[in-house]
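In: Could you look at this predicted model? Sequence included:
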Amino acid sequence: MTSPRRLLAAVLAFSALALAYAPAGFTDAADYGFSPAATGLENARALQRAVDRTGTIVVSQPGTYRLADTVFIGGNTSLVFGANVFVKKVDEKGPFTHVLVNKGALTRTWDEHISVTGLHVIVNGVDIRKWLVYGLHGQLAFFYVKDLRIEKFRCLDLGRVQYGIHICTFEDIVVDDVIIKGDKDGVHLGPGKRFTLRNGVFETGDDAVALNAHDYSVGNPELGWIEDGVVENMHDLPNPKRQVGYFCRILAGAWIDWRPGMEVQQSDTVVSEGRLYRVQASPDGTVYKSVTRPTHKSGQVTLDGIPWGAVQDTVTYTAGVRNVVFRDIFLGKARTAFSIHFDNDKYSRSYYPGAQVPRQENIHIDNARVLYEDRADFLQIRTPVDTVSIANSTLRNNRILLLSNKAMQDYQKTRINMTGCVFASPGPLELLVNRIPGKEITFKTSGSIELSDSFRAAVVDGGGKVAIDSDLAGLRR
């Protein structure tokens, strides 16, 4: 019969062996020197040592933690910041870009199973694009990531350069419970699939939410499709300092194979040797003639005076957004709420002449509430899109506007369906205005509620072909 002493010794030995071979568990970042009393450089090194353990890293002691360098987080890691914990960027060895970025971003290798909870960033004027990955610039940034969860993120002083959260080339992400205020984009996505953005409060000078499948050359590190997502319970608050951007930008693009003698400008994309290359130049309106084919595998090489950046090995000729639901959107800022978008200016032209037409698909808006009285567009459409459904929403002095970016001829047919919407305009409203000659549109409303006896809806066809089936005053047959 084994004695209690020997049994205890055996249990302790087994426990020690189990701990030796067990994966990293809970780690207190304070044990590695992460402290409100430390310098920003000391804290960067300390937090890096802690997250390198993987597992769950906790910052529990309340206070403001200075941070003077980027911390790189790997897969199978959860970083949890407790109540009343703030991370304040400081310039101790020169300004830096990201507070956190995933390790695989530097090598374009996938990181999986990452979560960041309770991070409150104080930018403190440390707002700069210092490229670790060309085109990636968020205070919190992820590139090549799967199964990512960000919760309870706060940033109340964004500058004009960096986004709050930037995620590009992703699968299966959740961003939940964020408050972001300042000058730049709140949550900015590049290509990826399966995403949920929810419970957000934004007071941003630029886009609150950017679904930028295409982008400026400095706006995203890769191009492609953003698909299969939900954006819900979002509040777009007025920002008195800066009035640009949209509640949500839904950006598409298309390009062609490189050919000798083609003309290109800033942000243009070409396919060559099984890779995508982009012009990474100054946005000064210069048009270049390309004679030498770009073939380098990485980085930037100047050919014929054109700074070509090797962007990605995954070849696609189009980029756009499809199968996205917006639900419970509260619009307090008097600006265009939803822009289904092309760029065409000195910074970027989304559509290269002659490219395959990028048709965006299946955009659904449910329970969007306009809270202001000013005139502003509820929806602008500048790209081919097959269907836009608007349900159970409240519009005031807000129209739907279809525009050409003057770079393509065929904008294809668009079907717009409004169901169960409330129209609160006190008088006549040009509800649908088309400015694309030849554009084919099917416009249907049903189950509508008009709050004023003086309300009359009108449609301006602008030389297009608009088929109307409506229960609204002014449009009813």
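Out: Arrived safely.
In: Please tell me how far the residue nearest to Leu451 when sequence neighbours are not counted sits from Thr27.
Out: Distance criterion C-beta to C-beta, 6 or more residues apart in numbering; nearest residue to Leu451, sequence neighbours excluded, is Ala424 at 4.8 Å. Where you see a C-beta, it was placed from the backbone N, CA and C, and this is true even at glycine. Ala424 is 53 Å from Thr27, where distance means C-beta to C-beta, to the nearest Å.
In: and what of Gly285?
Out: 52 Å.
In: Which residue of these two possesses the greater neighbour count?
Out: Taking other C-beta atoms under 10 Å, Gly285 and Thr27 do not tie; Thr27 has more neighbours (20 against 10).
In: still on that earlier bit, check what pLDDT the residue nearest to Leu451 gets.
Out: Each residue has a pLDDT score; the one for Ala424 is 97.
In: which ones are touching it?
Out: Shown in contact with Ala424 (C-beta atoms under 8 Å, 6 or more residues apart in numbering): Val370, Thr394, Leu395, Arg396, Leu451, Ser452.
In: for the stretch 201-350 of the chain, what are the low-confidence residue spans?
Out: In the predicted model of the stretch 201-350 of the chain, residues 242-243 satisfy pLDDT under 70.
In: so where do the strands sit in it?
Out: 209-212, 225-236, 248-251, 253-254, 256-257, 262-264, 269-272, 275-279, 288-290, 300-303, 306-312, 318-331, 338-341 (DSSP state E, counting those that start in this stretch).
In: beta partners for the spatially most central residue of the chain?
Out: Nearest to the mean C-alpha position of the chain, by C-alpha atoms, centre = their mean, lies His188 at 2.0 Å. For His188, the beta-bridge assignment (DSSP bridges) gives partners His166, Ala210.
In: Distance-wise, check it relative to Pro283.
Out: Taken as C-beta to C-beta, the span from His188 to Pro283 is 18 Å.
In: same question, Ile167
Out: 24 Å.
In: Which residues are in contact with Arg435?
Out: The contact partners of Arg435, by C-beta under 8 Å, 6+ apart, come to Leu401, Leu402, Leu403, Ser404, Gly462.
In: So which of the residues you listed sit within strands?
Out: Within these, residues falling in strands by DSSP state E are Leu401, Leu402.
In: which one of the contacts of Arg435 is nearest Asp268?
Out: Nearest to Asp268 out of these is Ser404 (C-beta to C-beta; 19.5 Å).
In: need the contact list for that closest one.
Out: Ser404 touches Arg382, Tyr411, Arg435, Ile436, Pro437, counting by C-beta under 8 Å, 6+ apart.
In: my guess is Val321 meets Gln360, correct?
Out: Yes. Applying C-beta atoms under 8 Å, one finds Val321 in contact with Gln360, separated by 5.3 Å.
In: Residues that sit against both of those two, list them.
Out: By C-beta under 8 Å, 6+ apart, the residues touching both Val321 and Gln360 are Ile250, Ala252, Ile340.
In: who's in contact with the last one?
Out: Meaning Ile340. Taking C-beta under 8 Å, 6+ apart as the contact definition, Ile340 lies against Ile250, Ala252, Val321, Gln360, Ile363, Leu379, Gln380, Ile381, Arg382, Thr383, Val385, Val388.
In: Do you have the helices of the stretch 301-450 of the chain handy? List them.
Out: In the stretch 301-450 of the chain, no segments count as helices under DSSP state H, counting those that start in this stretch.
In: before we move on, back to that, would you turn the shared contacts of Val321 and Gln360 into JSON lines with distance to Asp206?
Out: Output for the shared contacts of Val321 and Gln360, formatted as JSON lines (distance: C-beta to C-beta, whole Å):
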{"residue": "Ile250", "distance to Asp206": "15"}
{"residue": "Ala252", "distance to Asp206": "19"}
{"residue": "Ile340", "distance to Asp206": "17"}
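In: Ile167 and Pro283 - which one has more neighbours?
Out: Neighbour comparison, Ile167 and Pro283: the larger count goes to Ile167, with 27 against 15 (by other C-beta under 10 Å).
In: if we can go back for a sec, quick one, which of the strands of the stretch 201-350 of the chain gets closest to Ser348.
Out: strand 253-254 (8.2 Å).
In: elements contacting the closest one?
Out: Contacts defined by 3 or more C-beta pairs under 8 Å, 6 or more residues apart in numbering; DSSP states H and E place strand 253-254 against strand 318-331.
In: quick one: the strand it packs on to chain centroid distance?
Out: Remark: strand 318-331 is offset 11 Å from the chain centroid, using C-alpha atoms, centre = their mean, to the nearest Å.
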